[in-house]
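Novice: Sequence unavailable; structure follows:
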């Protein structure tokens, strides 16, 4: 809750909108808390996530990756109908995709809102230059059934650059490019009401720079070991607190130099290092993956937890770890106060 | 189906029982196919998996990791009641855990079956030597409510040793140790009706050696890139065929040197390398993770798949990849013939 309030305050102070990314928490309940704190809506990585959010009544959904294939485009138009006018936006980067979507969207009583996706130097999705953006904008304007609302420029590769100064320099370069792109589109008479992008890593610099009209950070809600390290350089505390933990149980104490916990590669994402003990061990310890179901918790004998002890870990990478679980156990101190479903888990 | 038949034939030829591991497929339907092919039952890594199997009517369930904490022990005893006599077994490696379980199991109308877990040189779970095994066997026999059925010795670390000869040598060493352990228990008057262990990697050597009475392989049903490589050394074909694929869609073709597919670190386990293209590209290609939702498929321009093309991948590591999905799409050739739930997904 403090993380949600802190990001909302930063955005409000700079007069920037906030459409936090659901890909991190995949929970309608947390999405609603973000909206209650002032967010315009939420960003979703996939059509399935967007369906889960609309189903749960979450407004203002932006899908941040192109939706491709006729089956999915049909589902997208059905979802736009269900969500209602101006409650669903999707990014596009391809003229053929725009044409296919436009035909299907013609059945809607209102135009379907789209944003042009710009590659932002990452070349993952998005048009690669000004000319491509202009051509796509014209194609959108020509459809009648789609309405161009603006631009997405998400620098996913910039969020995890270590060193605040290096990260902010990279963010400033992207902002500069995006500002020129916006100017080019507007000079050509294209509307650019929305400029969205920005993750947790660059949100301070981007909020201040004034190019983006909205930010779509996700990880700030939970934080993880990797992000905390990136944001904590220069010995400063990170602006956000770790709010996500995986609880495990010590299930074997037969080995001399370690105990075995029941959390392995099916319990944590493995792409960003190892989990870090947050609670349950009174002394130094280190975790190593020990197969799919187990972890090896190496700990000196004087700090050795007993069989059945609960050990809580900071996750190495929050987003794909959350995607392993069906629900959150919400705790205040030592008290379980609620259980929330993770509606969009597995909605790839 | 051919993989299931092949493993069943190998086991039958050597007169060894088969209790295939559910941790790989987490599906009651596949478990039933294995039982229909002659398996004694199934092995489960977690209490949750076992609950999902018993719920679906799958008989002969062995839980292959100690069940620890009073909550879980209660659930275990309830499950034993639901499963019926001789339909549930669990491994143990700790005297206190045995005592706690024995108290709860006293309410059952029949004894609860347990196996002593031996560490097998891996030291993940399991008693570490003969004396510890004997002491635990006596403790089990003294309870009245638990019945000692035998021993588990699973060499998880042996399954992936590269080189058939090296792997078989390691398996033979473990078999030798296990045979001595069995002799020691039997000399002390302890029953060792069941000796279980063995994975896909060592199943040929272990089936032939005659020490194990049952095998608990899992991955052979699906195979994955890592296992196929381990089993395919010496240029031989593996005895099993790859039967598990992840299908993705090309969602962006804006970059010059690659296309972007909608499958990233939320779609594949990342602990064993990268996915390998199985279908959808007519030429050499390589995949690189491109964030949580995307993959970078590097491919020469003459073989470039078009926007919306479906690309199928062999998974790097089948077990934790399966754990990301809620259902299998069952295909014969190009035809979708069924959809099966993955009942035990996320049952950590």
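Specialist: Alright, I've got the coordinates. Predicted model only: the values in this text are computed from it and were never measured. Numbering: from 1, shown residues only, chains lettered A, B, ... in the order given.
Novice: When you work out contacts or count neighbours from here on, use the C-alpha atoms and nothing else.
Specialist: Fine.
Novice: Can you show me the helices along chain A?
Specialist: For chain A, the helices defined by DSSP state H cover A:2-14, A:28-36, A:47-55, A:70-83, A:95-105, A:130-143, A:164-187, A:203-209, A:225-231, A:318-322.
Novice: Check the ones you listed for me and report the most buried one.
Specialist: Comparing the helices of chain A by mean neighbour count (mean count of other C-alpha atoms under 10 Å in any protein chain shown), helix A:318-322 comes out on top with a mean of 26.
Novice: closest one to chain B among the helices of chain A?
Specialist: helix A:318-322 (5.5 Å; C-alpha to the nearest C-alpha).
Novice: pLDDT (mean, whole number) over stretch A:43-52?
Specialist: When pLDDT is averaged along stretch A:43-52, the result is 98.
Novice: from what I can see residue A:198 touches residue A:158, true?
Specialist: No. Proximity of residue A:198 to residue A:158 does not meet the contact threshold set by C-alpha atoms under 8 Å, at 9.1 Å.
Novice: which of these two has more neighbours?
Specialist: residue A:198 (29 against 22; other C-alpha atoms under 10 Å in any protein chain shown).
Novice: for the spatially closest residue to the more buried one that is not a sequence neighbour, what are its contacts?
Specialist: In space, and not counting its chain neighbours, residue A:198 is closest to residue A:215: 5.1 Å by C-alpha to C-alpha, 6 or more residues apart in numbering or on different chains. Listed by C-alpha atoms under 8 Å, 6 or more residues apart in numbering or on different chains, the contact partners of residue A:215 are A:16, A:17, A:18, A:19, A:20, A:196, A:197, A:198, A:199, A:203, A:207.
Novice: Any chance of TSV for the helices of chain A, columns distance to chain B?
Specialist: What follows is those, written out as TSV (distance: least, C-alpha to the nearest C-alpha, whole Å):
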stretch	distance to chain B
helix A:2-14	22
helix A:28-36	19
helix A:47-55	11
helix A:70-83	9
helix A:95-105	8
helix A:130-143	10
helix A:164-187	17
helix A:203-209	19
helix A:225-231	14
helix A:318-322	5
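Novice: just to revisit the earlier point, would CSV of the contacts of residue A:215 with distance to residue B:326 and pLDDT be doable?
Specialist: Compiled in CSV, those are given as follows (distance: C-alpha to C-alpha, whole Å; pLDDT from 0 to 100):
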residue, distance to residue B:326, pLDDT
A:16, 38, 98
A:17, 35, 98
A:18, 32, 98
A:19, 28, 98
A:20, 26, 98
A:196, 32, 98
A:197, 31, 97
A:198, 31, 96
A:199, 29, 95
A:203, 35, 94
A:207, 39, 94
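Novice: most neighbours, which of the residues you listed?
Specialist: residue A:20 (32 neighbours).
Novice: Which residues lie in contact with that residue in this structure?
Specialist: By C-alpha under 8 Å, 6+ apart, the contact list for residue A:20 reads A:31, A:34, A:39, A:41, A:42, A:43, A:215, A:216, A:217, A:218.
Novice: re earlier: can you tell me which of the contacts of residue A:215 comes closest to chain B?
Specialist: The closest of those, once distances to chain B are taken by C-alpha to the nearest C-alpha, is residue A:199, at 13.3 Å.
Novice: Please name the residues that touch the closest residue to the closest one other than its chain neighbours.
Specialist: Closest residue in space to residue A:199, ignoring its immediate chain neighbours: residue A:217 at 4.0 Å, by C-alpha to C-alpha, 6+ apart. Residues in contact with residue A:217, defined by C-alpha under 8 Å, 6+ apart, are A:19, A:20, A:21, A:198, A:199, A:200, A:203.
Novice: Give me the contacts around stretch A:305-315.
Specialist: With contact meaning C-alpha under 8 Å, 6+ apart, stretch A:305-315 is reached by A:224-225, A:242, A:244-253, A:259, A:261, A:268-269, A:274-281, A:321, B:68-69.
Novice: Of the residues you listed, which belong to strands?
Specialist: Counting by DSSP state E, the part of those found in strands is A:245-252, A:259, A:261, A:276-279.
Novice: lowest-confidence stretch among the helices of chain A?
Specialist: Within those, confidence is poorest for helix A:225-231, with a mean of 82 (mean pLDDT).
Novice: got a list of contacts for it?
Specialist: A:160-164, A:201, A:219, A:237-239, A:272-273, A:275-276, A:314-317.
Novice: Just the buried residues of the residues you listed.
Specialist: Buried subset of the contacts of helix A:225-231 (neighbour count, 16 or more other C-alpha atoms under 10 Å in any protein chain shown): A:160-162, A:164, A:201, A:219, A:238, A:272, A:275-276, A:314-317.
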